[in-house]
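S.K.: Using only what follows, build the 3D model:
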Amino acid sequence: MLDLNNIAPDEGNDFSLIPHGTIARAILYIKPQLDGVRIPDLAQDAIFRQSAHSSAKWIECEFTIVGGQFDKRKVWHNIFFDGDKKNQNGVSVSKEIGLRTLRGIIDSAKGLNPNDVSPEANVLRQIPSLEAINGMEICMKIAVEKGTNGYDDKNKMLAPVTVNQDGYIGNGNAPAPVQPTVQAQPQVQQQQNGVTPSWANK
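M.R.: Numbers count the residues shown, from 1 in each chain. Here you go, the predicted model:
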């Protein structure tokens, strides 16, 4: 018999949401997929989830906050790289958005100004595949996404924050995340437990 009566209850968990607009540094981790699919020009492994109702494909990212009030708290976010809606050149709109997010992640992690197009910066933006972002530490802005279908509200990444933006936290530069002074109501794309956003089905 396993007697847990003498084990002190865990009272350290804080399930309150991180305020919308909070800026923090976090380590990015791509969650592996047992039944994942591949996009050959983006990744070597089958790291993408596939929608059962459309061509939408995405990676599931987990962000672990580093330092400050929310140290070790986790935030999850899906980055889409395929979908039914195409631009005038026949390229998935989801892929365009996903690649822009990916560039923001690289710029944030490597301390690059997005407007820096020097040869040195261009080299740093070249990665062998999506798997290369695993373990990168970035600065990001956190959002609160409204829950749907009976699910509670949750935190997600709103966007990577780069050196040219207010509130950017460099690697090791700040002991605590920067919190917003005004709690704005989140206006973010709804996406919960594999539910594909409406734009990915168009």
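S.K.: what sits up against stretch 161-168?
M.R.: Here stretch 161-168 makes contact (Cβ atoms under 8 Å, 6 or more residues apart in numbering) with 23, 104, 107-108, 111-115, 138-141, 169-170, 178. Just so you know, the C-beta spots here come from the backbone N, C-alpha and C atoms, and that holds for glycine as well.
S.K.: now do 6 Å
M.R.: 23, 107, 108, 111, 113, 114, 139, 140, 141, 178 (Cβ atoms under 6 Å, 6 or more residues apart in numbering).
S.K.: what pLDDT does the first one get?
M.R.: I take that to be residue 23. Looking at residue 23, its pLDDT is 97.
S.K.: and the residue nearest to the spatial centre of the chain, which of the three is it?
M.R.: What sits nearest the mean C-alpha location of the chain, by Cα atoms, centre = their mean, is residue 77, with 4.2 Å. Recorded secondary structure, residue 77: strand (DSSP: H, G, I helix; E, B strand; the rest coil).
S.K.: roughly how far apart are it and residue 5?
M.R.: 40 Å (Cβ to Cβ, to the nearest Å).
S.K.: got it, and residue 161?
M.R.: Distance, residue 161 to residue 5, using Cβ to Cβ: 47 Å.
S.K.: who's more crowded, the two?
M.R.: residue 161 (23 against 4; other Cβ atoms under 10 Å).
S.K.: Please name the nearest non-neighbouring residue to the more buried one.
M.R.: Excluding its sequence neighbours, the residue lying closest to residue 161 (Cβ to Cβ, 6 or more residues apart in numbering) is residue 139, at 4.4 Å.
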